[in-house]
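# coords please:
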Amino acid sequence: MGNSCTRSAKEDVPADSSSPSRGISNDVLFTSGSRGVSSNDALFTSGSRRVSGSLQESSFGTASSNGDVNSSPSANDGGSLIAFSYSDLKSATRNFRPESFLGEGGFGCVYKGWLDNTSYKPARPGSALAVAVKVLNKQGMQGHREWLTEVRYLSQLRHENLVRLIGFCAEDDHRLLVYEFMSRGSLENHLFKGRQSQALSWSLRLRIAVGAARGLAFLHNANQPIIYRDFKTSNILLDNQFTPKLADFGLAKDGPIGDKTHVTTRVMGTYGYAAPEYMATGHLSPKNDVYSFGMVLLEILTGRRAIDRNKPQTERNLVEWAKPYLRDRHKVYKVIDPQIEGQYTIKDAQKLASLAISCINPDAHARPHMKDVLAILCDLQK
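The predicted structure is shown next:
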């Protein structure tokens, strides 16, 4: 990737190590629209076994010449996924019982399950590998497209700041995904829903920002750039050591290559995080992700949501409320989360605020590249 920075072995982490809050945001899509999946992608088989290389043919779809919803992902990087049976995942989650429930969103529900570390067969809770099982709603094809897109990307991508996809189930009309279990939940929960527990420290917030930036920079600097398209706090998951990992690749899309500056697509994403030029034109580029990253930086800095309808009218839009303070080095402290007062220098706060402002520049061309954002954050972390 070209950019790295020293990872501190000791970080201030909240003392509370209890289970994360269960909510998973059910964010609204601007419009629905299809996303192309490569027409030469191979097809899945189902059953409890490992699938390596090209995924084999199954009964749930066939690849079409125009890359429509019947296309399926491939794992042509030589990686492998586990093709689970529905009955095994049902057993692993204890029949999807309420005690296993982790959260839900527009895609469906997520449950905690347990699998044997070697055979990947269902195991007794607490005795083996903890996993998160995402169960797709059966209504509509949009969710199916996103399911295919997510498997397509996560079957091929490996990075410490991307959530690991362990396997899938495509049996009859069942569509499930199996991920590594992220025990600390989402960044959203820690910033906005966990007021009863200890707040994230300044140093930990900065470390999370660095890791998330590293994940995005990895996507943007791939041989075929990938635009994440839905970067937000609810999609940044944290493991037991608070290592951030990007999750939910259902809206991801191949970015422009060569002389192209953007790709054109229907507008989808989460209001408050999507770049204005993308909302207006449907033109998608890595700079759209940079804008979303800037919004998350503002949330990390202020402890406020990008859009909060529970605030007074003048404070509902985070950018409109915070910008006047962020541009004035004598006032920046007024918008910083009061829970981390005394943990940072004004100079560092100003640098982070300045970086956030540059990321949300209305002119997409003036925004920095993610590799440059990462370099600045790494320098701040020293």
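
# need the contact partners of stretch 114-123.
48, 50, 82, 84, 88-89, 91-92, 113, 124-131, 166-167, 178 (CB atoms under 8 Å, 6 or more residues apart in numbering). All C-beta spots, glycine's among them, are computed from the backbone N, C-alpha and C.

# buried set for it?
By 16 or more other CB atoms under 10 Å, the buried positions in stretch 114-123 come out as 114, 115, 120, 122, 123.

# now which of the contacts of stretch 114-123 would you call buried?
Buried residues within the contacts of stretch 114-123, defined by neighbour count using 16+ other CB under 10 Å: 48, 82, 84, 88-89, 91-92, 113, 128-131, 166-167, 178.

# of the contacts of stretch 114-123, which belong to strands?
Counting by DSSP state E, those place 50, 82, 113, 129, 130, 131, 166, 167, 178 in strands.

# so which of those comes closest to residue 238?
Nearest to residue 238, judged by CB to CB, of the ones in strands among the contacts of stretch 114-123 is residue 130 at 14.3 Å.

# now do the contacts for the nearest residue to the closest one once chain neighbours are set aside.
Nearest in space to residue 130, with sequence neighbours left out and distances taken as CB to CB, 6 or more residues apart in numbering, is residue 181 at 3.9 Å. Contacts for residue 181 (CB under 8 Å, 6+ apart) come out as 112, 129, 130, 131, 132.

# quick one: low-confidence residue ranges for this structure.
1-79, 106, 139-142, 194-197 (pLDDT under 70).

# that one: helices as residue ranges?
For the chain, the helices defined by DSSP state H occupy 86-92, 142-154, 187-188, 202-220, 276-281, 286-302, 318-326, 346-359, 370-381.

# now for the first one, which elements pack on it?
Using 3 or more CB pairs under 8 Å, 6 or more residues apart in numbering; DSSP states H and E as the contact criterion, the secondary-structure elements in contact with helix 86-92 are strand 108-115, strand 129-136, strand 165-171, strand 174-180.

# now swap in the fourth one and tell me
Of the remaining helices and strands, those touching helix 202-220 by 3+ CB pairs under 8 Å, 6+ apart are strand 226-227, strand 236-238, strand 244-246, helix 286-302, helix 370-381.

# can I get the contacts of residue 181 in a markdown table including distance to residue 362?
Shown next, in a markdown table, are the contacts of residue 181 (distance: CB to CB, whole Å):
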| residue | distance to residue 362 |
| --- | --- |
| 112 | 42 |
| 129 | 46 |
| 130 | 43 |
| 131 | 42 |
| 132 | 37 |
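
# related to what we said a few turns ago, what would the helices of the chain look like in a markdown table with distance to residue 339?
Below are the helices of the chain laid out as a markdown table (distance: least, CB to CB, whole Å):
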| stretch | distance to residue 339 |
| --- | --- |
| helix 86-92 | 37 |
| helix 142-154 | 34 |
| helix 187-188 | 15 |
| helix 202-220 | 10 |
| helix 276-281 | 30 |
| helix 286-302 | 11 |
| helix 318-326 | 16 |
| helix 346-359 | 14 |
| helix 370-381 | 19 |
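
# and of those helices, who's closest to residue 259?
Ranking those by proximity to residue 259 (CB to CB) places helix 286-302 first, at 15.0 Å.

# so how far is the closest one from its chain's centroid?
With CA atoms, centre = their mean, to the nearest Å as the basis, helix 286-302 stands 13 Å off its chain's centre.

# report the inter-axis angle for that helix versus helix 346-359.
Using axes from the mean of the first three to the mean of the last three CA atoms, to 10 degrees, one finds that helix 286-302 and helix 346-359 are set 150 degrees apart in direction.

# can you show me the CA trace of helix 286-302 as CSV?
In CSV, the C-alpha atoms belonging to helix 286-302 read as follows (Å, rounded to 0.1, in the frame of the first residue of the first chain):
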residue,chain,number,x,y,z
PRO,A,286,-12.5,7.1,-4.7
LYS,A,287,-12.9,10.7,-3.6
ASN,A,288,-16.5,9.9,-2.6
ASP,A,289,-15.1,7.5,0.0
VAL,A,290,-12.7,10.3,1.1
TYR,A,291,-15.7,12.5,1.8
SER,A,292,-17.4,9.8,3.9
PHE,A,293,-14.1,9.3,5.8
GLY,A,294,-14.1,13.0,6.6
MET,A,295,-17.6,12.7,8.0
VAL,A,296,-16.5,9.8,10.2
LEU,A,297,-13.5,11.8,11.4
LEU,A,298,-15.8,14.6,12.4
GLU,A,299,-18.0,12.1,14.4
ILE,A,300,-14.9,10.7,16.1
LEU,A,301,-13.7,14.2,17.0
THR,A,302,-17.0,15.6,18.2
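
# OK, contacts around the closest residue to residue 154 other than its chain neighbours?
Nearest non-adjacent residue to residue 154, counting by CB to CB, 6+ apart: residue 165, 3.7 Å away. Applying CB under 8 Å, 6+ apart to residue 165 gives the contacts 81, 150, 151, 154, 155, 177, 178, 179.

# cool, residue 184 as well?
By CB under 8 Å, 6+ apart, residue 184 lies in contact with 20, 190, 237, 238, 239, 240, 242.
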